[in-house]
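K.L.:
Sequence and computational prediction follow.
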Amino acid sequence: MSKNIIEVKNLEKYYEISGGFFSRTKGVVKAVDDVSFEIPVGESLGLVGQSGCGKTTTARSLCLLDPKTNGEINFLNPETQKLESIDDLDDIELKNFRRNIQMIFQDPYESLNPRWTIKDIILEPLNIHNIGNLADREEAVKEILKTVGLTPPENYMPRYPHELSGGQRQRVSIARTLIMKPKFVVCDEPTSMLDVSIRISIMDLMLNLAKDLGISYLYITHDLAVARYMCNRIAVMFNGKIVEIAETEKLLSNPVHPYTKRLISSIPVPDPKYNRVEYDLNYDELDEIIKNNPDKKMVDIGGEHFIATHDVKDILY
Amino acid sequence: MSKEVLVVDGLNMHYETLDGLVQAVKDVSFTLKQGESFGLVGESGCGKTSVAMSLLQLQPDNAKISSGSIKLDGIELVGMTEKELRTVRWDGISIVFQGAMNAWNPVAKIGEQIREAIREHRPDNSKDENTEKITELFNIVGLDSSVMDRYPHELSGGMKQRAMIALALSCDPKVVIADEPTTALDVVIQDQILKELKKVQELLGLSLIYISHDIAVIAEMTNNMAVMYAGSIVELGPTKDVFSKPKHAYTRLLLESTPSVVGEKKKLRSLDGEPPSLIDEKKGCSFSPRCPAPSKECKNQELEMKLIEVVKGHYADQCCVECG
């Protein structure tokens, strides 16, 4: 049995809406509501859903960029090989923890400081964590640039982000992420801003790095076709909750939840002869599962294929 | 045999920049038949939108059509004065812009903006007639008529795009250009908009030019298609044939680099390198530097780029027919 790199239990992130007299709380937005999943070492999980369903909020909570409201995040400590809750960490441990979990952002045009050279950008994490001496750091930057395919590195180090194309910038983003030798990387739609022809080379690069360096990904995307290419398992998110989670091919060939079916049926297929199946929203299968499992939140219908049992009839149309 | 609505022949368009002439559209020719849906596909900067802007002659001041002809129902559009063009725009050819979010005037109501277009082209219509027309159009694109009295910021992205389609249809144009109408939208909303467009196209017998970088969308939406690379059309033919028997090396790579949710999971091929700079006219095949297996003539740049008919009705650039 392989170990899990991360286990998320009942993660919640609520935003309070305040306003009116004395800015009182008028209500809460449950951006992430009771989300649980785990990712085994070296595997990647795709988090798929519509805009505004809470994918990015989940990612930001995992990376501790936004404090979570509730729930548990357990992360495999690479030294002790034991799962540790991040709530128990003190400040110094937390700083170390952050080295192991990194994030690649969606927009390579906005996530790189335009006034810094590529070398400065990639060097920054090393400076913050005070790793090695100056010569070592420079060597590490060169090495990592080669790894992400920006060769020769001497050509790229003195340049500024505006001198690079979108694909090259995203490679710099990946290099900045990898320089910390993380074990777990959260990718927030890293290829959605890129052109079709460059997309595959970035995806291939990420897949190869995962294999060579043993990195696990949480890969966020709204495109199931991309998730299929990148991930072992896929979790479908809707309205802040995970509604279905299964092994990639199982999920695509045998979707059970009506929302998953709808999501799959809305992806255009690059084949003019293919007629997309029109799904009518059919709750019978889901109702059956809910009826047979009255107390469970997620039901395993076989082969680690989980379905959420909360009622979606009113919100899904 | 349905008649040809739009005939584009040997269109060349360039931008004058400080660095030199940028040849954005090179010798582009295609015809659009009545009721047909024609797709233009290619990566960013290949000249798709430049072609669209040339058809409407909405290009910026530094852009010039240097040669070629655009005939709408037999009437030549190239060389028309601004005044003559005003009658062609929207009445003859209309466009659904890429960013529906930004294409609306934020301080005017949606209905008023559509009414403005109709007033310009149908000055004799009464206000009630116009309202009726807009209600009818909203019905077609699946919007409630109350949307007329709303401001753009009150609508979601999908609703704005639907209203945009209604606006494009408001003067019963002969040709509608859809320039990446779903790029900024979510997959589920994209699906709804595509279905809506398809329905409208069939219902009204529209002639549609559909521009996209996503070949999956082109596969669903079009009867005929052209693949563009570095300003030129490199392959042209019926969508089904282009997908089942692609002739040009670039088309083949484009098809093999697109992931799909159906069928066997296959290894995707990546397209290395970058598209060439369009500044300075170069001789020979523009794709050969990125071609995985360029033929000898192609590599030595001995062949001129020229579309040849490979199979009846299916054209490809002669340089890369044999490559890859």
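P.N.:
All right, it came through fine. These figures come from a predicted structure and were not determined experimentally.
K.L.:
which residues of the stretch 201-317 of chain A fall in helices?
P.N.:
A:224-230, A:248-253, A:258-265, A:284-292 (DSSP state H, counting those that start in this stretch).
K.L.:
which SS state does A:Tyr15 fall under?
P.N.:
Put simply, A:Tyr15 is strand when judged by DSSP: H, G, I helix; E, B strand; the rest coil.
K.L.:
can you give me the helices in the stretch 1-150 of chain B?
P.N.:
Using DSSP H, counting those that start in this stretch, helices in the stretch 1-150 of chain B cover B:48-56, B:82-88, B:100-103, B:110-121, B:127-141.
K.L.:
For the ones you listed, which has the smallest mean pLDDT value?
P.N.:
Of all the helices of the stretch 1-150 of chain B, the minimum mean pLDDT falls on helix B:100-103 (a mean of 76).
K.L.:
how about the helices of the stretch 201-317 of chain A, which one is nearest chain B?
P.N.:
The closest of those to chain B is helix A:224-230. By Cβ to the nearest Cβ, the value is 3.9 Å. From N, CA and C alone the C-beta is placed, and that goes for glycine too.
K.L.:
Now the closest one: buried residues?
P.N.:
A:224-230 (16 or more other Cβ atoms under 10 Å in any protein chain shown).
K.L.:
again with stretch A:25-40
P.N.:
Quick answer for stretch A:25-40 (16+ other Cβ under 10 Å): A:30-40.
K.L.:
what bridges to the closest residue to B:Gly20 other than its chain neighbours?
P.N.:
Of all residues not flanking B:Gly20 in the chain, B:Ile279 sits nearest, at 4.7 Å (Cβ to Cβ, 6 or more residues apart in numbering or on different chains). Beta-bridge partners recorded for B:Ile279 (DSSP bridges): B:Val22.
K.L.:
related to what we said a few turns ago, of the helices of the stretch 1-150 of chain B, which stretch is the most buried?
P.N.:
Mean neighbour count, computed with mean count of other Cβ atoms under 10 Å in any protein chain shown, is highest for helix B:48-56 among the helices of the stretch 1-150 of chain B, reaching a mean of 23.
K.L.:
what comes into contact with that helix?
P.N.:
Helix B:48-56 is contacted by residues B:6, B:8, B:11, B:13, B:24-25, B:28, B:40-42, B:59, B:63, B:65, B:70, B:77, B:88-89, B:93, B:95, B:98, B:175, B:177, B:179-180, B:209, B:211, B:213, B:228, B:231 when judged by Cβ atoms under 8 Å, 6 or more residues apart in numbering or on different chains.
K.L.:
now the helix or strand harbouring A:Lys9, how far from the centre of its chain.
P.N.:
Using DSSP states H and E, A:Lys9 maps to strand A:4-19. Taking the mean of its C-alpha atoms, strand A:4-19 sits 14 Å from the chain's own mean (Cα atoms, centre = their mean, to the nearest Å).
K.L.:
contacting residues around whichever helix or strand comes after it?
P.N.:
Next in sequence after strand A:4-19, counting helices and strands by DSSP H and E, comes strand A:24-40. Residues outside strand A:24-40 that contact it (Cβ under 8 Å, 6+ apart) are A:2-20, A:45, A:54, A:57-58, A:61, A:68, A:71, A:184, A:216, A:218, A:233, A:235, A:237, A:239-242, A:245, A:297-298.
K.L.:
next one: stretch B:241-249
P.N.:
Where contact means Cβ under 8 Å, 6+ apart, the residues beyond stretch B:241-249 that reach it are A:270-273, B:215, B:219, B:225, B:227, B:234-235, B:237, B:251-252, B:255, B:287, B:291-294, B:310-311, B:313-314, B:316-317, B:320-321, B:323-324.
K.L.:
send the alpha carbons of that stretch over as CSV?
P.N.:
What follows is stretch B:241-249, C-alpha atoms only, in CSV (Å, rounded to 0.1, in the frame of the first residue of the first chain):
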residue,chain,number,x,y,z
ASP,B,241,-12.0,15.1,-44.8
VAL,B,242,-9.5,17.4,-43.1
PHE,B,243,-10.0,15.5,-39.8
SER,B,244,-10.0,12.0,-41.3
LYS,B,245,-7.3,12.5,-43.9
PRO,B,246,-5.2,15.5,-43.1
LYS,B,247,-2.8,16.4,-45.9
HIS,B,248,-0.6,19.0,-44.4
ALA,B,249,2.0,18.2,-41.8
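K.L.:
burial of A:Asp136, as a residue count?
P.N.:
11 (other Cβ atoms under 10 Å in any protein chain shown).
K.L.:
to the chain's geometric centre, what's the distance from the host helix or strand of it?
P.N.:
A:Asp136 is part of helix A:134-147, with elements assigned from DSSP H and E. How far helix A:134-147 lies from its chain's middle: 26 Å, per Cα atoms, centre = their mean.
K.L.:
That helix - contacts with which helices or strands?
P.N.:
helix A:118-128, helix A:153-156, helix A:166-178 (3 or more Cβ pairs under 8 Å, 6 or more residues apart in numbering or on different chains; DSSP states H and E).
K.L.:
Show me which residues of the stretch 151-300 of chain B sit near chain A.
P.N.:
Applying Cβ under 8 Å from any Cβ of the partner chain, one finds that the stretch 151-300 of chain B approaches chain A through B:186-188, B:190-191, B:194, B:213-217, B:219-220, B:239-240, B:243-244, B:253-255, B:257-263, B:265, B:268-272, B:274.
K.L.:
Among the buried residues of helix A:224-230, which ones lie close to chain B?
P.N.:
Among the buried residues of helix A:224-230, chain B is touched by A:224-226, A:228-229 when using Cβ under 8 Å from any Cβ.
K.L.:
Closest one to A:Ile128 out of those residues, please.
P.N.:
Of all those, A:Val226 has the smallest distance to A:Ile128: 31.4 Å, by Cβ to Cβ.
K.L.:
what's the distance between the closest one and A:Asn100?
P.N.:
Distance of A:Val226 to A:Asn100, computed by Cβ to Cβ, to the nearest Å: 25 Å.
K.L.:
Could you do A:Arg159 as well?
P.N.:
Distance, A:Arg159 to A:Asn100, using Cβ to Cβ: 29 Å.
K.L.:
more neighbours, those two?
P.N.:
For A:Arg159 versus A:Asn100, neighbours defined as other Cβ under 10 Å are more numerous around A:Asn100 (18 against 15).
K.L.:
dump the residue contacts of that one.
P.N.:
A:75, A:78, A:180, A:182-184.
K.L.:
again, 7 Å this time
P.N.:
Taking Cβ atoms under 7 Å, 6 or more residues apart in numbering or on different chains, we find A:Asn100 in contact with A:78, A:182-184.
K.L.:
swap in B:Asn12?
P.N.:
Shown in contact with B:Asn12 (Cβ under 7 Å, 6+ apart): B:25-27, B:65-68.
K.L.:
mind redoing it with 8 Å?
P.N.:
B:23, B:25-28, B:65-68.
K.L.:
pLDDT-wise, which helix or strand of chain A ranks last?
P.N.:
helix A:284-292 (a mean of 80; mean pLDDT, DSSP states H and E).
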